[in-house]
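Asker: Could you work out the structure for the sequence below:
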Amino acid sequence: MEPTVVALWVIVMLVALALAFDFMNGFHDAANAIATIVSTAVLRPGQAVIWAACFNFLALFIFGLHVAATIGKGMVDPSVVDSHVIFGALVGAILWNVVTWYYGIPSSSSHALIGGMIGATVAKAGTSALIGSGIGKTVVFIIVSPLMGFVLGALLMLAVSWLFHRSTPRRVDKWFRRGQLVSCALYSLGHGSNDAQKTMGIIWLLLLISGVVAKGAPTPPYWVIVSCYAAISLGTLFGGWRIVKTMGQKITKLKPVGGFCAETGGAITLFVASSFGIPVSTTHTITGSIVGVGAARKVTAVRWGIAGSIVWAWVFTIPASAFMAAIAWWAGKHLF
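Answerer: Next up, the predicted model:
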(Lines give C-alpha, C1' and ligand atoms only; values in the text may rest on other atoms or scores of the structure.)
Protein backbone atom coordinates (compact mmCIF):
# COMPACT_ATOMS: atom_id res chain seq x y z
CA MET A 1 0.00 0.00 0.00
CA GLU A 2 1.79 3.09 -1.25
CA PRO A 3 0.96 6.41 0.44
CA THR A 4 -1.22 8.67 -1.69
CA VAL A 5 -0.94 12.42 -1.94
CA VAL A 6 -3.64 13.83 0.30
CA ALA A 7 -3.85 17.53 1.06
CA LEU A 8 -3.45 18.39 4.73
CA TRP A 9 -6.85 20.11 4.85
CA VAL A 10 -8.49 16.94 3.50
CA ILE A 11 -6.83 14.83 6.20
CA VAL A 12 -7.94 17.27 8.91
CA MET A 13 -11.47 17.40 7.46
CA LEU A 14 -11.77 13.60 7.36
CA VAL A 15 -10.40 13.15 10.88
CA ALA A 16 -12.94 15.73 12.10
CA LEU A 17 -15.71 13.93 10.17
CA ALA A 18 -14.65 10.59 11.69
CA LEU A 19 -14.73 12.04 15.21
CA ALA A 20 -18.14 13.56 14.43
CA PHE A 21 -19.34 10.06 13.51
CA ASP A 22 -17.79 8.71 16.71
CA PHE A 23 -19.64 11.38 18.72
CA MET A 24 -22.87 10.47 16.94
CA ASN A 25 -22.20 6.80 17.60
CA GLY A 26 -22.14 7.56 21.33
CA PHE A 27 -25.17 9.85 20.99
CA HIS A 28 -27.12 7.31 18.94
CA ASP A 29 -26.12 4.30 21.05
CA ALA A 30 -26.33 5.94 24.49
CA ALA A 31 -29.76 4.35 24.74
CA ASN A 32 -28.15 0.91 24.59
CA ALA A 33 -26.16 1.59 27.75
CA ILE A 34 -28.66 3.61 29.78
CA ALA A 35 -32.14 2.56 28.64
CA THR A 36 -32.52 -0.21 31.19
CA ILE A 37 -31.09 1.71 34.15
CA VAL A 38 -33.27 4.75 33.32
CA SER A 39 -36.41 2.71 32.65
CA THR A 40 -36.04 0.92 36.00
CA ALA A 41 -35.58 4.33 37.69
CA VAL A 42 -32.27 3.31 39.27
CA LEU A 43 -30.71 6.51 37.92
CA ARG A 44 -32.18 9.67 36.46
CA PRO A 45 -31.31 10.27 32.80
CA GLY A 46 -28.66 12.91 33.54
CA GLN A 47 -26.97 10.69 36.10
CA ALA A 48 -27.13 7.67 33.80
CA VAL A 49 -25.39 9.31 30.84
CA ILE A 50 -22.57 10.60 33.07
CA TRP A 51 -22.13 7.13 34.55
CA ALA A 52 -22.10 5.45 31.12
CA ALA A 53 -19.83 8.08 29.52
CA CYS A 54 -17.20 7.66 32.25
CA PHE A 55 -16.99 3.92 31.67
CA ASN A 56 -16.99 4.38 27.89
CA PHE A 57 -13.75 6.28 28.32
CA LEU A 58 -12.24 3.96 30.94
CA ALA A 59 -12.35 1.16 28.35
CA LEU A 60 -9.27 2.90 26.86
CA PHE A 61 -7.16 1.52 29.71
CA ILE A 62 -8.56 -2.03 29.74
CA PHE A 63 -8.92 -3.41 26.21
CA GLY A 64 -6.50 -3.96 23.34
CA LEU A 65 -6.97 -2.59 19.82
CA HIS A 66 -8.08 -5.77 18.02
CA VAL A 67 -11.33 -4.28 16.67
CA ALA A 68 -9.49 -1.23 15.28
CA ALA A 69 -7.16 -3.55 13.36
CA THR A 70 -10.12 -5.44 11.86
CA ILE A 71 -11.84 -2.25 10.67
CA GLY A 72 -8.60 -0.62 9.48
CA LYS A 73 -7.17 -3.56 7.56
CA GLY A 74 -9.57 -6.50 7.55
CA MET A 75 -12.74 -5.37 5.74
CA VAL A 76 -11.60 -3.93 2.40
CA ASP A 77 -8.35 -3.97 0.42
CA PRO A 78 -6.35 -1.03 1.84
CA SER A 79 -4.66 -0.48 -1.53
CA VAL A 80 -7.90 0.79 -3.09
CA VAL A 81 -8.88 3.04 -0.19
CA ASP A 82 -8.35 6.76 -0.67
CA SER A 83 -9.70 9.95 0.86
CA HIS A 84 -12.86 9.77 -1.27
CA VAL A 85 -13.67 6.24 -0.09
CA ILE A 86 -13.28 7.28 3.54
CA PHE A 87 -15.37 10.40 2.94
CA GLY A 88 -18.14 8.32 1.35
CA ALA A 89 -18.06 5.74 4.15
CA LEU A 90 -18.33 8.33 6.91
CA VAL A 91 -21.04 10.42 5.22
CA GLY A 92 -23.11 7.32 4.40
CA ALA A 93 -22.89 6.09 8.00
CA ILE A 94 -23.71 9.50 9.47
CA LEU A 95 -26.75 9.97 7.20
CA TRP A 96 -28.17 6.56 8.15
CA ASN A 97 -27.61 7.31 11.84
CA VAL A 98 -29.46 10.62 11.50
CA VAL A 99 -32.43 8.92 9.81
CA THR A 100 -32.68 6.13 12.40
CA TRP A 101 -32.17 8.49 15.34
CA TYR A 102 -34.92 10.81 14.06
CA TYR A 103 -37.41 7.96 13.88
CA GLY A 104 -36.26 6.42 17.18
CA ILE A 105 -35.05 3.20 15.53
CA PRO A 106 -32.28 1.41 17.47
CA SER A 107 -30.18 0.47 14.45
CA SER A 108 -26.46 -0.29 14.54
CA SER A 109 -23.96 2.56 14.15
CA SER A 110 -21.28 -0.10 13.75
CA HIS A 111 -22.97 -1.75 10.80
CA ALA A 112 -23.72 1.66 9.31
CA LEU A 113 -19.97 2.34 9.26
CA ILE A 114 -19.19 -1.11 7.88
CA GLY A 115 -21.89 -0.68 5.23
CA GLY A 116 -20.43 2.73 4.42
CA MET A 117 -16.96 1.25 3.87
CA ILE A 118 -18.39 -1.51 1.68
CA GLY A 119 -20.53 0.86 -0.39
CA ALA A 120 -17.81 3.45 -1.02
CA THR A 121 -15.21 0.77 -1.82
CA VAL A 122 -17.50 -1.05 -4.26
CA ALA A 123 -18.39 2.27 -5.92
CA LYS A 124 -14.70 2.85 -6.60
CA ALA A 125 -13.24 -0.59 -7.28
CA GLY A 126 -16.03 -3.18 -7.43
CA THR A 127 -16.65 -6.18 -5.21
CA SER A 128 -13.16 -7.65 -5.78
CA ALA A 129 -11.77 -5.09 -3.31
CA LEU A 130 -13.77 -6.56 -0.44
CA ILE A 131 -12.11 -8.95 2.02
CA GLY A 132 -14.53 -11.82 2.43
CA SER A 133 -13.15 -13.21 5.71
CA GLY A 134 -13.45 -9.90 7.57
CA ILE A 135 -16.92 -9.11 6.24
CA GLY A 136 -18.04 -12.71 6.75
CA LYS A 137 -17.03 -12.61 10.41
CA THR A 138 -19.07 -9.43 10.87
CA VAL A 139 -22.11 -10.84 9.04
CA VAL A 140 -22.05 -14.03 11.13
CA PHE A 141 -22.06 -11.95 14.32
CA ILE A 142 -25.13 -10.01 13.12
CA ILE A 143 -26.87 -13.25 14.08
CA VAL A 144 -24.54 -14.52 16.82
CA SER A 145 -24.33 -11.39 18.98
CA PRO A 146 -28.10 -10.94 19.58
CA LEU A 147 -28.50 -14.72 20.04
CA MET A 148 -25.63 -14.78 22.52
CA GLY A 149 -27.14 -11.78 24.33
CA PHE A 150 -30.55 -13.50 24.29
CA VAL A 151 -29.21 -16.75 25.75
CA LEU A 152 -27.06 -15.05 28.40
CA GLY A 153 -29.84 -12.64 29.39
CA ALA A 154 -32.36 -15.47 29.68
CA LEU A 155 -29.98 -17.78 31.60
CA LEU A 156 -29.01 -15.02 34.03
CA MET A 157 -32.67 -14.18 34.60
CA LEU A 158 -33.51 -17.84 35.26
CA ALA A 159 -30.50 -18.24 37.56
CA VAL A 160 -31.37 -15.13 39.55
CA SER A 161 -35.02 -16.20 39.82
CA TRP A 162 -33.91 -19.57 41.20
CA LEU A 163 -31.35 -18.12 43.62
CA PHE A 164 -33.70 -15.46 45.01
CA HIS A 165 -37.00 -17.36 44.91
CA ARG A 166 -37.29 -17.19 48.71
CA SER A 167 -36.58 -13.46 48.88
CA THR A 168 -39.28 -10.83 48.97
CA PRO A 169 -39.75 -8.68 45.84
CA ARG A 170 -38.77 -5.62 47.87
CA ARG A 171 -35.45 -7.15 48.91
CA VAL A 172 -34.68 -8.37 45.38
CA ASP A 173 -35.42 -4.89 44.05
CA LYS A 174 -33.12 -3.32 46.63
CA TRP A 175 -30.18 -5.60 45.78
CA PHE A 176 -30.50 -5.31 42.04
CA ARG A 177 -30.94 -1.55 42.04
CA ARG A 178 -27.37 -1.53 43.35
CA GLY A 179 -26.38 -4.31 40.98
CA GLN A 180 -27.53 -2.29 37.99
CA LEU A 181 -24.88 0.32 38.71
CA VAL A 182 -22.28 -2.43 38.20
CA SER A 183 -23.96 -4.01 35.17
CA CYS A 184 -24.42 -0.63 33.46
CA ALA A 185 -20.75 0.15 34.09
CA LEU A 186 -19.69 -3.20 32.60
CA TYR A 187 -21.91 -2.75 29.56
CA SER A 188 -20.55 0.78 29.01
CA LEU A 189 -17.00 -0.58 29.15
CA GLY A 190 -17.93 -3.09 26.44
CA HIS A 191 -19.65 -0.39 24.37
CA GLY A 192 -16.60 1.86 24.53
CA SER A 193 -14.16 -0.95 23.79
CA ASN A 194 -15.95 -2.11 20.64
CA ASP A 195 -17.48 1.04 19.15
CA ALA A 196 -14.71 3.59 19.75
CA GLN A 197 -12.27 1.30 18.00
CA LYS A 198 -14.31 1.21 14.80
CA THR A 199 -13.76 4.92 14.20
CA MET A 200 -10.19 4.49 15.34
CA GLY A 201 -9.66 1.93 12.59
CA ILE A 202 -10.97 4.36 9.94
CA ILE A 203 -8.66 7.18 11.08
CA TRP A 204 -5.74 4.76 11.27
CA LEU A 205 -6.41 3.64 7.69
CA LEU A 206 -6.57 7.29 6.55
CA LEU A 207 -3.22 8.08 8.18
CA LEU A 208 -1.66 4.95 6.65
CA ILE A 209 -2.78 5.66 3.09
CA SER A 210 -1.71 9.30 3.32
CA GLY A 211 1.74 8.44 4.70
CA VAL A 212 1.23 10.32 7.97
CA VAL A 213 1.80 7.02 9.81
CA ALA A 214 4.45 4.51 8.73
CA LYS A 215 3.11 1.45 6.91
CA GLY A 216 4.32 -1.00 9.56
CA ALA A 217 2.93 0.93 12.55
CA PRO A 218 1.47 -1.68 14.94
CA THR A 219 -1.07 0.71 16.50
CA PRO A 220 -2.64 4.09 15.71
CA PRO A 221 -1.01 7.19 17.24
CA TYR A 222 -2.00 7.68 20.87
CA TRP A 223 -3.82 10.93 20.08
CA VAL A 224 -6.13 8.97 17.77
CA ILE A 225 -6.90 6.43 20.50
CA VAL A 226 -7.65 9.09 23.13
CA SER A 227 -9.67 11.25 20.70
CA CYS A 228 -11.92 8.34 19.67
CA TYR A 229 -12.65 7.29 23.24
CA ALA A 230 -13.28 10.92 24.21
CA ALA A 231 -15.62 11.52 21.25
CA ILE A 232 -17.81 8.48 21.91
CA SER A 233 -17.93 9.33 25.62
CA LEU A 234 -19.08 12.88 24.87
CA GLY A 235 -21.73 11.53 22.50
CA THR A 236 -23.02 9.23 25.23
CA LEU A 237 -23.06 12.18 27.62
CA PHE A 238 -25.53 14.03 25.38
CA GLY A 239 -27.66 10.90 24.86
CA GLY A 240 -30.04 9.90 22.07
CA TRP A 241 -33.29 10.17 24.00
CA ARG A 242 -35.56 9.22 21.11
CA ILE A 243 -34.30 5.62 21.32
CA VAL A 244 -34.33 5.21 25.11
CA LYS A 245 -38.07 4.47 25.34
CA THR A 246 -37.92 1.89 22.55
CA MET A 247 -35.08 0.00 24.20
CA GLY A 248 -36.14 0.39 27.82
CA GLN A 249 -39.92 -0.03 27.77
CA LYS A 250 -41.44 -0.84 24.38
CA ILE A 251 -39.76 -4.24 23.90
CA THR A 252 -40.61 -5.48 27.40
CA LYS A 253 -41.22 -3.96 30.82
CA LEU A 254 -38.07 -4.14 32.94
CA LYS A 255 -37.46 -4.17 36.66
CA PRO A 256 -33.98 -3.71 38.22
CA VAL A 257 -33.35 -7.47 38.28
CA GLY A 258 -34.20 -7.71 34.55
CA GLY A 259 -32.10 -4.66 33.75
CA PHE A 260 -29.15 -6.21 35.61
CA CYS A 261 -29.42 -9.49 33.70
CA ALA A 262 -29.81 -7.77 30.31
CA GLU A 263 -26.83 -5.47 30.83
CA THR A 264 -24.63 -8.24 32.22
CA GLY A 265 -25.47 -10.59 29.35
CA GLY A 266 -24.76 -7.82 26.86
CA ALA A 267 -21.49 -6.91 28.59
CA ILE A 268 -20.19 -10.49 28.47
CA THR A 269 -20.98 -10.69 24.76
CA LEU A 270 -19.14 -7.43 24.04
CA PHE A 271 -16.11 -8.44 26.11
CA VAL A 272 -15.78 -11.67 24.14
CA ALA A 273 -16.19 -9.92 20.78
CA SER A 274 -13.67 -7.16 21.60
CA SER A 275 -11.12 -9.72 22.79
CA PHE A 276 -11.29 -11.50 19.43
CA GLY A 277 -11.34 -8.29 17.36
CA ILE A 278 -14.89 -8.82 16.10
CA PRO A 279 -16.78 -5.56 15.38
CA VAL A 280 -20.25 -6.38 16.69
CA SER A 281 -23.31 -4.23 17.09
CA THR A 282 -23.90 -3.07 20.65
CA THR A 283 -27.50 -2.39 19.61
CA HIS A 284 -28.03 -5.98 18.46
CA THR A 285 -26.38 -7.31 21.60
CA ILE A 286 -28.42 -5.40 24.18
CA THR A 287 -31.66 -5.89 22.23
CA GLY A 288 -31.09 -9.64 22.24
CA SER A 289 -30.37 -9.53 25.97
CA ILE A 290 -33.53 -7.52 26.73
CA VAL A 291 -35.69 -9.92 24.68
CA GLY A 292 -34.03 -12.88 26.44
CA VAL A 293 -34.84 -11.43 29.86
CA GLY A 294 -38.46 -10.81 28.85
CA ALA A 295 -38.85 -14.27 27.32
CA ALA A 296 -37.38 -15.93 30.45
CA ARG A 297 -40.18 -14.38 32.51
CA LYS A 298 -42.98 -15.09 30.04
CA VAL A 299 -43.01 -15.33 26.26
CA THR A 300 -45.95 -12.95 26.08
CA ALA A 301 -43.97 -10.37 28.12
CA VAL A 302 -42.08 -9.50 24.93
CA ARG A 303 -43.72 -7.23 22.38
CA TRP A 304 -42.62 -9.31 19.42
CA GLY A 305 -44.01 -6.82 16.89
CA ILE A 306 -41.65 -4.11 18.18
CA ALA A 307 -38.75 -6.59 18.26
CA GLY A 308 -39.55 -7.61 14.68
CA SER A 309 -39.51 -4.01 13.43
CA ILE A 310 -36.09 -3.56 15.05
CA VAL A 311 -34.80 -6.66 13.25
CA TRP A 312 -35.94 -5.18 9.93
CA ALA A 313 -33.90 -2.07 10.72
CA TRP A 314 -30.89 -4.34 11.26
CA VAL A 315 -31.46 -6.03 7.90
CA PHE A 316 -31.59 -2.73 6.03
CA THR A 317 -28.69 -0.97 7.82
CA ILE A 318 -25.73 -2.30 5.83
CA PRO A 319 -27.33 -2.04 2.33
CA ALA A 320 -28.91 1.36 3.11
CA SER A 321 -25.71 2.91 4.45
CA ALA A 322 -23.74 1.30 1.59
CA PHE A 323 -26.07 2.93 -0.95
CA MET A 324 -25.75 6.33 0.74
CA ALA A 325 -21.97 5.91 0.93
CA ALA A 326 -21.72 5.13 -2.80
CA ILE A 327 -23.56 8.38 -3.58
CA ALA A 328 -21.38 10.29 -1.10
CA TRP A 329 -18.24 8.80 -2.72
CA TRP A 330 -19.40 10.09 -6.11
CA ALA A 331 -20.13 13.53 -4.60
CA GLY A 332 -16.73 13.57 -2.88
CA LYS A 333 -14.97 12.90 -6.19
CA HIS A 334 -16.49 16.11 -7.52
CA LEU A 335 -15.91 18.20 -4.38
CA PHE A 336 -12.18 17.63 -3.69
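Asker: Contacts only, for Gly179.
Answerer: The contact partners of Gly179, by Cβ atoms under 8 Å, 6 or more residues apart in numbering, come to 256-257, 260. In this view, the C-beta of every residue, glycine as well, is placed from N, C-alpha and C.
Asker: And Ser233, by the same measure?
Answerer: Each residue near Ser233 by Cβ under 8 Å, 6+ apart is listed here: 26, 53-54, 56-57, 192.
Asker: switch to 7 Å and redo it
Answerer: 26, 53, 56-57 (Cβ atoms under 7 Å, 6 or more residues apart in numbering).
Asker: Ok, Val160 next?
Answerer: 257, 261.
Asker: redo that, cut-off 8 Å
Answerer: By Cβ under 8 Å, 6+ apart, Val160 lies in contact with 176, 257, 260-261.
Asker: Lys255 now?
Answerer: For Lys255, the contact set (Cβ under 8 Å, 6+ apart) comprises 40, 173, 176.
Asker: if we go to 10 Å?
Answerer: By Cβ atoms under 10 Å, 6 or more residues apart in numbering, Lys255 lies in contact with 36, 39-41, 169, 172-173, 176-177, 180, 293, 297.
Asker: Was I right to think Ala326 contacts Ala125?
Answerer: No. Counting by Cβ atoms under 10 Å, Ala125 is not a contact partner of Ala326; they are 11.8 Å apart.
Asker: So for the two, which residue has more residues nearby?
Answerer: Here Ala326 and Ala125 are compared on neighbour count by other Cβ atoms under 10 Å; more neighbours surround Ala326, at 21 against 17.
Asker: nearest residue to that one other than its sequence neighbours?
Answerer: Leaving out its chain neighbours, the residue that sits closest to Ala326 by Cβ to Cβ, 6 or more residues apart in numbering is Ala123, at 3.9 Å.
Asker: how far away is the one you found from Ala129?
Answerer: Distance of Ala123 to Ala129, computed by Cβ to Cβ, to the nearest Å: 10 Å.
Asker: Enumerate the positions of the host helix or strand of Cys54 that are buried.
Answerer: Using DSSP states H and E, Cys54 sits in helix 45-58. Across helix 45-58, burial judged by 16 or more other Cβ atoms under 10 Å covers 48-49, 51-58.
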